[in-house]
Every structure is written in C-alpha cells, then in structure tokens.
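> one predicted model, sequence on top.
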Amino acid sequence: MFSVAHGGTCVGQRGLFDCKNGIQCVSIMEKCDCKPHCADASDEDVEYAGCLIGMEECLNSAETPRLAMTFSLLLALTALAINLLQRRT
C-alpha cells in the first residue's frame, strides 16, 4: 500500500490504482484479485474498479476449492476404510 501524493489521487504514478477513499493508492496488480487492499475495498468494487466479479462472488468462489478438497479427502478416507475392512475378512 502506498500513501497518496498531493490532491488525494495517484495521478501520474504509473502502476498504481486510486482507492475510492482518496487517501490510498495500491498496486494496479492488486486490483480485482479478490483480496481487498484499499481500506474501503474499492479495489474489488465492480463499478469503481471495473472488476468482473464483486467481493460476494469472490467469497463464494473461494469456498469451491475448499469443498472440493474436503470431498476428495472424504473419498480417500472412505476408500481406505473399505480397504481395511476387506483385509480383515
């Protein structure tokens, strides 16, 4: 995060994004990455930053890999349990 120069904007500072609050600049690479870097989260705002998805969609999509990993782990444990039970008989 960078402090904003005079006038409350990052104008003229290449590679920086103006946060909507007018007091912060963040790297343009941090814009629309599903992690708010501006104090007001404007770097993740659909209208202000031009992001394709908003924070709600970011949060929902963040859950998908976790669910897939949990499901995979559950399947692996089930397969292991079945294998152990078959060896006993």
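That came through fine.
> what residues are up against the residue nearest to residue 11 when sequence neighbours are not counted?
In space, residue 11 comes closest to residue 18 once its chain neighbours are excluded; the distance is 7.6 Å by C-beta to C-beta, 6 or more residues apart in numbering. C-beta coordinates here come from the backbone N, C-alpha and C atoms, glycine included. The contact partners of residue 18, by C-beta atoms under 8 Å, 6 or more residues apart in numbering, come to 4, 9-11, 25.
> in CSV: those, plus secondary structure and neighbour count.
As requested, the contacts of residue 18 are exported to CSV (DSSP: H, G, I helix; E, B strand; the rest coil; neighbours: other C-beta atoms under 10 Å):
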residue, secondary structure, neighbour count
4, coil, 18
9, coil, 15
10, coil, 20
11, coil, 12
25, strand, 23
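> now do the helices in this structure.
Under the criterion DSSP state H, the chain contains helices at 46-49, 55-88.
> where among those helices is average confidence lowest?
Lowest mean pLDDT of these: helix 55-88, a mean of 71.
> isn't residue 55 right up against residue 38?
No - taking contacts as C-beta atoms under 8 Å, residue 55 lies outside contact range of residue 38: 11.7 Å.
> those two: which is more packed in?
Using other C-beta atoms under 10 Å as the criterion, residue 55 and residue 38 rank with residue 38 on top: 23 against 15.
> mind pulling up the pLDDT for the residue most central in space within the chain?
Central residue of the chain (C-alpha atoms, centre = their mean): residue 34, 2.6 Å from the mean position. What the model reports as pLDDT for residue 34 is 86.
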